[in-house]
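# using only what follows, build the 3D model:
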Amino acid sequence: MASETNGGDGIKGNNGEFNFPSSKSTTPSTSTKRRSRKHQDNGTKLIVALLAGAGAAFLLALLILMSRLEAEELANGLLNTGVGGAQGVDDQIYLEEVAQGRASPALRQKDRQNKLVSQIEKLKHHYTDKMDRFSRLTGLKEGNPLEKIVNEAVDNLNGMEDVMEGKKGKKMPGKVDIKGDFIEMLHRDKQEEMAGKLHKHETMEEVAKRKNDEAAAAGGGGEGEDNKAPHLFPKFPPLPAHVMAEELFGTQIITDTLSYNKPTIAGIIAILQRFLRDIHQMEVEKRDATAQQVIDAYFAIVNKDLVPLEEAYRDTSIFPIREDGSIFMSLGAYRDHLLGETLRQAFKTAAHPEKLFVGAVVQNCFGIGVQCRTGVEVIGKDDQGRPMTAVSDRPPDVNGIEEFCTDPEYVKYCDAGQIRALYVNETESNGPTTARYFASKLWGGETYFLQADAHLRFAPEWDRLYEEEVKAAKSFPKAILSSYPPGFSEEDPPYKGGSRGTRLCTCEFSTSDVEHKIIRINTGNQCVGEEVAPTQIAYIAAGFFFTRAEFLIDVPFDPFLPWCFMGEEIALSLRAWTHGWDIYAPRKNLIAHQYRPGRMGLPKFWENTGRVFGRPGPGFNTELQTITLQRIKHMVGYAEATTEEVQNHGHQVVLTDFVHYGPGEARTMPAFLEHTKIDVENFKCGHIEWCNKCTLD
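Model (predicted):
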């Protein structure tokens, strides 16, 4: 578990705290230095991500960055002028000498100088290298104000190096106030801008019009884009991970979203981050609690943090739907090493990448206060030839958003606000249903909604072809395309697509001990001959469906389904159909999916649940899922999950707000069971003639 305290001048993450050393600390721990270096690396990416959304957010983000640079230097003990700039390193060397039995003053001084010179050289190269990369990525000209500040810092490091080498007439420089220099620079630039404006006799309106005209001439939206889609501003940066929206933009962004009908993506992210913070605290407090106590506490936090957002925009679109053919792709990524490549492939193969927007929920082990672990891996065979398994320590996960947004070929999409990311520490991750709820909240008014997994390949022009396919369905605009995509291996050649789409026409009641007879869907027969238009199928696959964004109004994702793995597909299918939506199989496959058998040894969220609550293994997650599954079983009509039965077992909390996330009123639940030939009483799924023979258009 991550630390429960927030000491020093830190910025809170979703479940941990990044603590930066104060000027009083000159001997930081190894872990503190490692975190500080990591944050310094992420700082440049923050500047790149925020350049397009300059203003108060840009200023605050850069001040955070500069504070981190300063904290790094303080941590190394290089800028404490009161102790010659070397107290922290000197103490470290002295302890090493004592341990080695060579505490000679002369050797001590020489070693101190050598180590300091080495550290100074590394810092100089680090600063200049970062500045060069930053300038290349952003197109800043040589001699820009930020470069001047960095150069001044390097000059001070050169002065320290001269002192350490014993050069005559050299004095240890004073503390470099990077943050103060930056504030002064901004103030000076503002004065120069105002002076230029007054010199040209431009009014503020004329300045705004000129800037907008310049942006339009360059092909950008300029300030006019704010007027078209104010909810997209201020832009929340996809990097670095764990920047808190509330700290970046202030609490008012939440108030406006909830109370004044002024929702923004940034405000929604701030609300979700509050929720994750409270879930972390709950996990700490309920570590030894029973499954029911954990469920009760979880639902209470949903009611406190998420229900106000749900109520504020119930039965309406939180944002206006744009009729521009744009696509929002919802991705829930659990410790997924293919997220970055999935994003590259999606944009690279799209016919209109400028119309593609992504909401990614990145559930990673970031190594914040926890040791990252593998999944259950096969490490060999025993004497009888049976596989032996183990779970091992591993480094923090790769951040796929960082891979994508620092790729020169794709950074423009991040700068344009087309990548929206919510970071969830692995310790707060509780399954795909919650991740998909989060991702749906990152939708920003795009025309179409696409839900998928984060390990995909795409056929050329997949976006145009899916739009044409859904429009070809008879029930459009209330039509949903869905299928189980074909599989791929990472060594496969580029995906071309074109094979026949699978048809979700069968189901079964699971016989697994951990799934408690929940309904699992599966594929049926292929159509005979060529279809002139898409035909209907019975079920939705949670790993891929494509539809109009109005779906989010009629069938909002349910925030009350934590720790569920199976059951989301039957719930989605029933809810969509009873709300008047018809489900279709795409005639051709345009995406491929990496299917992941257990032998791959990838981490699973239920393993994390066991560690979080001090009960290793999947057992405790199974206890939690057994309770929350009652919500889905109640929806489908299981005899064991009637209101009375749920209350008798003390699980009545799972029916919280059920009326808003259950069946619709356009068609009835019994009609759905007849439509799909599901016999809940006898736990049987019948043959669906119309689905397997492709006769229902």
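# what distance do you get for the residue lying closest to Cys691 once chain neighbours are set aside to Ile678?
Computed as CB to CB, 6 or more residues apart in numbering, the closest residue to Cys691 that is not its neighbour in sequence is Cys505, at 3.7 Å. Yep, even glycine has a C-beta here, placed from its N, CA and C like the rest. Going from Cys505 to Ile678 by CB to CB, to the nearest Å gives 12 Å.
# same check, this time on Glu568
16 Å.
# kindly report the same for Leu624.
For Leu624, the distance to Ile678 - CB to CB - is 26 Å.
# helix, strand, or coil at Ala452?
Classification of Ala452 using DSSP: H, G, I helix; E, B strand; the rest coil returns strand.
# for it, give the beta-bridge partners.
Leu331, Phe544 (DSSP bridges).
# is it true that it touches Phe544?
Yes - between Ala452 and Phe544 there is a contact under CB atoms under 8 Å: 5.1 Å.
# need the overlap of contacts for these two.
Ile591 (CB atoms under 8 Å, 6 or more residues apart in numbering).
# count the neighbours of the residue nearest to Ala390 when sequence neighbours are not counted for me.
Nearest residue to Ala390, sequence neighbours excluded (CB to CB, 6+ apart): Ile379, at 4.9 Å. Close neighbours of Ile379, defined as other CB atoms under 10 Å, add up to 12.
# same deal with Ala241?
Counted with other CB under 10 Å, Ala241 comes out at 22.
# just checking, it touches Asn399?
Yes - the criterion here is CB under 8 Å, and Ala241 meets it with Asn399 at 6.2 Å.
# what residues do these two have in common as contacts?
With CB under 8 Å, 6+ apart as the test, Ala241 and Asn399 both reach Val362, Asn364.
# which intervals of this structure have sub-threshold pLDDT?
For the chain, the stretches with pLDDT under 70 are 1-150, 153, 157, 160-161, 163-166, 168, 170-228, 597-600.
# returning to what we had before: Cys505 and Ile678: which is more packed in?
The neighbour count for Cys505 versus Ile678, taken as other CB under 10 Å, is higher for Cys505 (27 against 22).
# quick check on the more buried one: phi, psi?
phi -120, psi 0 (degrees, to the nearest 10).
# who's in contact with it?
By CB under 8 Å, 6+ apart, Cys505 lies in contact with Thr523, Gly524, Asn525, Ile537, Ala538, Tyr539, Ile688, Cys691, Asn692.
# just the buried members of those?
Among those, the ones that count as buried by 16 or more other CB atoms under 10 Å are Thr523, Gly524, Ile537, Ala538, Tyr539, Ile688, Cys691, Asn692.
# these in helices, which ones?
Residues of these located in helices (DSSP state H): Cys691, Asn692.
# and the buried ones among the contacts of Cys505, which two are furthest apart?
Tyr539 and Asn692 (12.7 Å; CB to CB).
# is the residue nearest to Ala390 in a helix, a strand, or coil?
Here Ile379 is recorded as strand under three-state DSSP.
# am I right that it is in contact with Met388?
Yes - counting by CB under 8 Å, Ile379 touches Met388, with 5.5 Å between them.
# measure Phe357 to His455 for me?
20 Å.
# next one: phi and psi at Phe560?
phi -100, psi 40.
# and Glu490, by the same measure?
The phi/psi pair for Glu490 (degrees, to the nearest 10) is phi -60, psi -20.
# was I right to think it contacts Gln594?
Yes - Glu490 is within contact range of Gln594, at 7.3 Å (criterion: CB under 8 Å).
# those two: which has the busier surroundings?
Counted by other CB under 10 Å, Glu490 and Gln594 do not tie: Gln594 has more neighbours, with 19 against 10.
# ok, Arg436 - contacts?
Remark: with contacts taken as CB under 8 Å, 6+ apart, Arg436 is in contact with Ser330, Gly332, Val361, Gln451, Ala542, Phe557, Glu568.
# widest-spaced pair of the residues you listed?
Val361 and Glu568 (14.6 Å).
# which of the two has more neighbours?
Neighbour tally, Val361 and Glu568, criterion other CB under 10 Å: the higher count belongs to Val361, 27 against 20.
# what packs against the helix or strand containing the more buried one?
Element membership for Val361, per DSSP states H and E: strand 356-364. Using 3 or more CB pairs under 8 Å, 6 or more residues apart in numbering; DSSP states H and E, the elements in contact with strand 356-364 are strand 327-334, helix 339-349, helix 400-405, strand 419-425, helix 432-440.
# can you say which of the ones you listed is nearest to Ile265?
Comparing the helices and strands packed on strand 356-364 by CB to CB, strand 419-425 comes nearest, at 6.0 Å.
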